[in-house]
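Engineer: what's the 3D shape of this:
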Amino acid sequence: MTENFPRTVLDFESTFATEGSCREYIMNLRWPEGFICPRCQAKSAWSAQRDRLICASCRYQASATAGTIFQDTHKPLRLWFRAMWYVTSQKNGASALGLQRVLGLGSYLTAWTWLHKLRRAMVRPGRDRLDGRVEVDETLLGGVSEGPRGRGSEGKALIVIAAQEDGKGVGRIRMAQIASASSVNLHGFIEQVIEPGATVHTDGWHGYSGIGNKNYRHEATVLSGRGKNAAAELLPRIHIVASLLKRWLMGTHQGAVSFKHLDYYLDEFTFRFNRRKSGSRGKLFYRLMEQAVAVAPAPYNSLVGGKGDLHCQTQPVEIGRAHV
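Structural biologist: You can find the predicted model right below:
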């Protein structure tokens, strides 16, 4: 399918002037080669009331929005599209309060919910893992003092970051919140986000020991005794990413991000960072739309609950200095 996306605000407004044009855009993204029944895979259907499609083979009633983040929405698709255009056209993203004001939404909760739904769509299903040579280290969010690594860090969030080397610069990144800097958590993260056979560059923390036995080339640099700036000098890409992350959380979200939702903000930062060289905001809108129709719906109760069992703390993150 040819990538079809608006280039300017005027282009956006004319392209998505009606509910029908928005629905047709979603259908083209979901079924670029024509309708395929989600139940029986038949390719023939007829239109019915309430914008439904009825499979000519099994009579299954499908819709453009079912099974996407737009499922069961009571708001116009035009408003959703404007929200996505606004979020992707802002260089540093949008806060819930900002989105509420721009769209004239009736409540802050609606804007907050929409942004979290969109953040779910910022992780592409089956995305490629990092490869080549990759720096991995952790950083602490919360407070200005540094506690022992992975221990004694109450009131802080521990974030592990993987940054792909791109010459002297930073390529793609991945990041996640972990409960502690144990080998179980660190190895699990590496195996999830880095392609086997890659070179993993870490410091000498024992939590990384043994990763070389899991089909990775492990390069460990011991930082002890090298001075307080050693981490920034020897793992420079991690230092850059951690600093930008904290600046973004403080600037766009004023640091008021709860631990249990932090992973979704990390997903948004990763989405933006990995597409920072894109010459068109419209293409970011297109990528988000592509993923919005590919991910499962996110009911409100799942949004409130956060991302798994690691997020047992609910206080907001206060951004402090980098751990690395």
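
Engineer: Look up which helix or strand the residue nearest in space to the middle of the chain falls in, please.
Structural biologist: Per CA atoms, centre = their mean, the C-alpha nearest to the average position across the chain is that of D267, at 2.3 Å. For D267, the element it lies in under DSSP states H and E is helix 262-274.

Engineer: hey, C-alpha coordinates of that helix in CSV?
Structural biologist: Coordinates of each C-alpha in helix 262-274 appear next as CSV, following Å, rounded to 0.1, in the frame of the first residue of the first chain:
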residue,chain,number,x,y,z
LEU,A,262,5.6,5.3,33.5
ASP,A,263,6.2,2.5,31.0
TYR,A,264,3.6,4.0,28.6
TYR,A,265,5.4,7.4,28.8
LEU,A,266,8.6,5.5,28.0
ASP,A,267,6.9,4.0,25.0
GLU,A,268,5.9,7.4,23.8
PHE,A,269,9.4,8.8,24.3
THR,A,270,10.8,5.8,22.4
PHE,A,271,8.3,6.3,19.5
ARG,A,272,9.3,9.9,19.2
PHE,A,273,13.1,9.4,19.6
ASN,A,274,13.3,6.6,17.0
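
Engineer: who does that helix touch, helix- and strand-wise?
Structural biologist: Judged by 3 or more CB pairs under 8 Å, 6 or more residues apart in numbering; DSSP states H and E, helix 262-274 is in contact with helix 108-120, strand 157-166, strand 169-178, helix 236-253. Yep, even glycine has a C-beta here, placed from its N, CA and C like the rest.

Engineer: Pull the number of nearby residues for I36.
Structural biologist: Residues near I36, counting by other CB atoms under 10 Å, number 16.

Engineer: three-state assignment of it?
Structural biologist: coil (DSSP: H, G, I helix; E, B strand; the rest coil).

Engineer: got the contact list for it?
Structural biologist: Taking CB atoms under 8 Å, 6 or more residues apart in numbering, we find I36 in contact with A42, K43.

Engineer: if I look at the residue nearest to the centre of the chain, how far off is A62?
Structural biologist: 28 Å (CB to CB, to the nearest Å).

Engineer: what do you get for R247?
Structural biologist: Distance from R247 to A62, by CB to CB: 44 Å.

Engineer: Just want to know which of these two has more residues nearby.
Structural biologist: More crowded of R247 and A62, by other CB under 10 Å: A62, with 21 against 12.

Engineer: Give me the contact list for whichever helix or strand comes after the helix holding D267.
Structural biologist: Note on helix 262-274: by DSSP H and E, the next helix or strand toward the C-terminus is helix 281-292. Under the criterion CB under 8 Å, 6+ apart, residues 3-8, 11-12, 25-26, 29, 68-70, 84-85, 87-89, 118, 121-125, 271, 275, 278 lie in contact with helix 281-292.
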